[in-house]
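Visitor: here's my sequence, what's the structure:
(chains A, B, C and D)
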Number of protein chains: 2
Amino acid sequence: MATIKDVAREAGLTVTTVSRVLNNRGYISAATREKVYRVMAELDYQPNEIARSLFRQRSKMIGLIVPTVSHPFFGELSTAIEQHAYAAGYKIVLCNSHLDQEKERDYVDMLKRHKVDGIIMGSHTLGVEEYENLNMPVVTIDRQISATIPSLSSDNYEGGRIAARLLISKGCRKVAYICGSLKLELFANRRHDAFVEEMTKTKCPHVVVQTNIDVFDTTQYEALVNALFTEHPETDGVFASDLKAARVIQTCVRLGKRVPEDVRIVGYDDVRLASFLVPPLTTIRQPIDEMADQLVGLILRQIAGESVPMDTVLPVALVERSST
Amino acid sequence: MATIKDVAREAGLTVTTVSRVLNNRGYISAATREKVYRVMAELDYQPNEIARSLFRQRSKMIGLIVPTVSHPFFGELSTAIEQHAYAAGYKIVLCNSHLDQEKERDYVDMLKRHKVDGIIMGSHTLGVEEYENLNMPVVTIDRQISATIPSLSSDNYEGGRIAARLLISKGCRKVAYICGSLKLELFANRRHDAFVEEMTKTKCPHVVVQTNIDVFDTTQYEALVNALFTEHPETDGVFASDLKAARVIQTCVRLGKRVPEDVRIVGYDDVRLASFLVPPLTTIRQPIDEMADQLVGLILRQIAGESVPMDTVLPVALVERSST
DNA sequence: TTGTATGCGTTATCAT
DNA sequence: ATGATAACGCATACAA
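Guide: Model (predicted):
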């Protein structure tokens, strides 16, 4: 692989001059500029970004830590993040934490050693101080960590409210909300808050099911939904994130319940999977591309030394399909 | 951020010695080793991997180019690849080509400039010579490029055969195979070959539908499947990759056809989506984790200067669920 | 057992 | 308009 030295030698110049034309800095005669370009083409020269990074103290890399890109939401979000980062000249180092604390810590250390310019955190298994001690540009997805780390989320509260109202307006008399643990300080919990508030306000009986069962575990998840309908047979409305909602649809069918006639189901996310289901899932759309755009923007502005808003909340929208 | 110099100064030693304990090379007294460790901990020293990369001419980074990680198959495969790479001390630079030729070329150049140690290519929009001129460790997913670039794929031929035989054994009399363009030299085309062979051999009427319509485009894709059933109303068996199969199920239901009673459907991939469908999709399983493992292994061995097998084909398996 | 000098490829500063 | 040199942070060959 040709280096700047090879180009300089071949062009009968010094590396300084070559570097100058490479970076369009200072004065260079049209003649030498031409020559340098020609030699660079001849030698198929590509500047070594590692050396550049070392000198500039900038890697042009952003670390992305997510639970796993095989989850549709994070897959779609990661794609969008990568696109926006690339458009800005940044590369993405992908890290799947699988929500393993040790792994996440490991990844953070690795990213620091590799001098990424910033980290987008979609996984949150560490303690508050650990994130605060990072001492570099960070932005978190869906979790409020502290007053010093900016976060981004969709309007979970509004989403919960829209879902609740939709179910009520469709005539549901007994509804369920299925979610992960409410203990972590995730913005997703606002969905729960709004949902319960609405239901309470309208005196609609409701039940909240917290679970950490892996939604990809077909058997176990079905058992969970089964239990819900056994304990609350009158349930005629369910709100849960898209993947969970998909499981609910499955189980309803197996139980001989019709969707939406007997049970109405609303998802959250609007991952593409939602449109593949039978019936296609009504859901609350998170603006994934916009989120990615903002996430990258928040990191980039921190890298540039600018100050950024602390908690950005993006609007959601109801996508009404056939499950309600 | 502390550098090796800071550690050396603080410990009253030279950088050489510190480097030595850092890399466990040569002789060092237990005393100084202790001291160095202590100072490193005090200063929270992390070796700068950029500097290391420059010196070692090894970035410990692998480029991964896929159409998009938001596609379930690539999302799952990418997760697995990242895990295996990480276990081997390598990081993944994520590139979503969106099957855009210019973009893919751009990504390849970028990866070369960043001195990644190898590239895993899951996107194939470039010409053969371009890949051959890469001049670095490469392995491709599902495409045979040339005699010099190793590839990895699942046993598409066997998968096509299993699917065909299953449909036949279930009593199908008129089947369809839906696929992307057969023009590219992709191993996926072997599915088609085997499928058609089996159908011909058993004299089972069949039709092949090639399409490049985006499977995520609900309306258009439904129109395509609609057209299939309009032109071939007696179709009672369909083989297509999981996402396409999901669309077929959807459209069948909309047309009032029962699955599997009226139409039997077999997918290919066994992405997790398959188990979420109603009915759960019978499909040919690609061994995603094993593929990722081998892919990473093939790259690593090339990086190590070892020779590797040219075309690796991994076995597939029938996962029988309820759509057949 | 530890230190000195050099180089990895690049850019910036200061000369000329 | 171009060149010599130092520096980015680290690891090695060679000395001592």
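Visitor: which stretches in chain A count as strands?
Guide: Listed in chain order, the strands of chain A (DSSP state E) span A:61-66, A:91-96, A:118-121, A:138-141, A:151-154, A:175-179, A:206-210, A:237-240, A:264-269, A:282-285, A:311-314, A:317-319.
Visitor: give me every residue that touches A:Asn96.
Guide: Contact analysis of A:Asn96 by C-beta atoms under 8 Å, 6 or more residues apart in numbering or on different chains lists A:Val66, A:Pro67, A:Thr68, A:Val69, A:Ser70, B:Thr79, B:Glu82, B:Gln83. Just so you know, the C-beta spots here come from the backbone N, C-alpha and C atoms, and that holds for glycine as well.
Visitor: put the buried members of the residues you listed into a ChimeraX selection.
Guide: Typed into ChimeraX, the line below selects the buried ones among the contacts of A:Asn96, using 16 or more other C-beta atoms under 10 Å in any protein chain shown:
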select /A:66,67,68,69,70 /B:79,82,83
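Visitor: just the contacts of A:Asn96 now: which is nearest DNA strand D?
Guide: Closest approach between those and DNA strand D, by C-beta to the nearest atom of the strand: B:Glu82, at 24.1 Å.
Visitor: my guess is A:Arg33 contacts A:Val18. True?
Guide: No. Contact criterion C-beta atoms under 8 Å: A:Arg33 and A:Val18 do not qualify, at 10.2 Å.
Visitor: quick one: which of these two has more around it?
Guide: A:Val18 (27 against 14; other C-beta atoms under 10 Å in any protein chain shown).
Visitor: look up how far B:Met136 lies from that one.
Guide: 24 Å (C-beta to C-beta, to the nearest Å).
Visitor: now A:Gly171
Guide: Using C-beta to C-beta, A:Gly171 is found at 63 Å from B:Met136.
Visitor: same question for A:Ala188.
Guide: Distance from A:Ala188 to B:Met136, by C-beta to C-beta: 43 Å.
Visitor: please apply the same query to A:Arg191.
Guide: 47 Å.
Visitor: could you do A:Gly297 as well?
Guide: In terms of C-beta to C-beta, A:Gly297 sits 33 Å off from B:Met136.
Visitor: what does A:Thr32 give?
Guide: 31 Å.
Visitor: could you do A:Ile249 as well?
Guide: 47 Å.
Visitor: contacting residues around the lowest-mean-pLDDT helix or strand in chain A?
Guide: The helix or strand of chain A with the lowest confidence, counting by mean pLDDT, DSSP states H and E, is helix A:128-132 at a mean of 92. For helix A:128-132, the external contacting residues (C-beta under 8 Å, 6+ apart) are A:Arg105, A:Val108, A:Met121, A:Val138, A:Thr140, A:Ile145, A:Ser146, A:Thr148, A:Ile149.
Visitor: tell me which stretches of chain A form helices.
Guide: Under the criterion DSSP state H, chain A carries helices at the ranges A:4-11, A:15-23, A:30-43, A:49-56, A:72-87, A:101-113, A:128-132, A:156-169, A:189-201, A:218-231, A:242-254, A:273-276, A:288-303.
Visitor: by how many degrees do the last one and helix A:72-87 diverge?
Guide: If you take axes from the mean of the first three to the mean of the last three C-alpha atoms, to 10 degrees, helix A:288-303 sits at 50 degrees to helix A:72-87.
Visitor: buried residues in helix A:288-303, which are they?
Guide: A:288, A:291-303.
Visitor: re earlier: neighbour count: A:Arg191 and B:Met136, which is higher?
Guide: More crowded of A:Arg191 and B:Met136, by other C-beta under 10 Å: A:Arg191, with 29 against 17.
Visitor: residues touching the more buried one, list them.
Guide: Per C-beta under 8 Å, 6+ apart, neighbours of A:Arg191: A:Asn156, A:Tyr157, A:Gly159, A:Gly160, A:Ala163, A:Tyr177, A:Cys179, A:Phe239, A:Tyr268.
Visitor: so which of the residues you listed wins on neighbours?
Guide: A:Phe239 (33 neighbours).
Visitor: how close does that one sit to A:Asn156?
Guide: A:Phe239 is 12 Å from A:Asn156, by C-beta to C-beta.
Visitor: kindly report the same for A:Arg321.
Guide: Taken as C-beta to C-beta, the span from A:Arg321 to A:Asn156 is 20 Å.
Visitor: reformat the strands of chain A as CSV; add distance to A:Arg254 and mean pLDDT.
Guide: Formatted as CSV, the strands of chain A follow (distance: least, C-beta to C-beta, whole Å; pLDDT from 0 to 100):
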stretch, distance to A:Arg254, mean pLDDT
strand A:61-66, 32, 98
strand A:91-96, 32, 98
strand A:118-121, 38, 98
strand A:138-141, 34, 97
strand A:151-154, 31, 98
strand A:175-179, 17, 98
strand A:206-210, 18, 97
strand A:237-240, 15, 98
strand A:264-269, 14, 98
strand A:282-285, 20, 98
strand A:311-314, 36, 98
strand A:317-319, 25, 98
